[in-house]
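1. Provide a 3D model corresponding to the input given below.
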Amino acid sequence: MAEEGKRVGVAMDFSRGSKKALRWALDNLLRSGDHLILIVVRPENSYESGEMQLWETTGSPLIPYDDFSNPTIMKKYKISPDAETLDVVKNAAQEKQITPLLKIFWGDPREKLCESIDKIPLTSLVIGNRGLGPLKRVFLGSVSNHVVNNATCAVTVVH
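-> The predicted model follows:
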């Protein structure tokens, strides 16, 4: 019997790699009744004082599709989801009967993606890979490598 109500997270920065990860999750993991949670990690202190400071350690509340597809609301968070991603999510929500949500964290993506697994909590996490070569990976670090080695749930890296 299929597991109902999974919470599948997709690390999303609206890059080509994260869009591939989103499509992979929709094609391979999500079923009717599941929750698709797009996880965005913004740089630390990329917010104005006020309510964002309340969410600095826990991340934003879960934001429903109707709000994260609204440019006026997303401007407050300094996030601009592209039309392609919004269309993919909207169509998948209708076709697969899934619930799309967005959660924003502030800080180091490696740490915050690992924290999101327990804070949301997630059943699994899908993350894109920028394809850093060995030398760049040494100097820049690999978010996907860190998450795979430190996550407390299943992680799929989409190349």
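2. give the contact list for residue 153.
-> 117, 121-125 (Cβ atoms under 8 Å, 6 or more residues apart in numbering). C-beta: built from backbone N, CA, C; applies to glycine.
3. Please name the spatially closest residue to it (chain neighbours excluded).
-> residue 117 (5.0 Å; Cβ to Cβ, 6 or more residues apart in numbering).
4. what's the neighbour count on that neighbour?
-> 22 (other Cβ atoms under 10 Å).
5. And the one 10 residues further on, by the same measure?
-> Using other Cβ under 10 Å as the criterion, residue 127 is surrounded by 24 other residues.
6. what's the answer for residue 115, then?
-> Neighbours around residue 115, by other Cβ under 10 Å: 18.
7. measure the nearest residue to residue 11 once chain neighbours are set aside to residue 5 for me?
-> The shortest distance from residue 11 to any non-neighbouring residue, by Cβ to Cβ, 6+ apart, is to residue 127 (4.2 Å). Residue 127 sits 22 Å away from residue 5 when distances are taken as Cβ to Cβ, to the nearest Å.
8. got it, and residue 57?
-> Distance of residue 57 to residue 5, computed by Cβ to Cβ: 26 Å.
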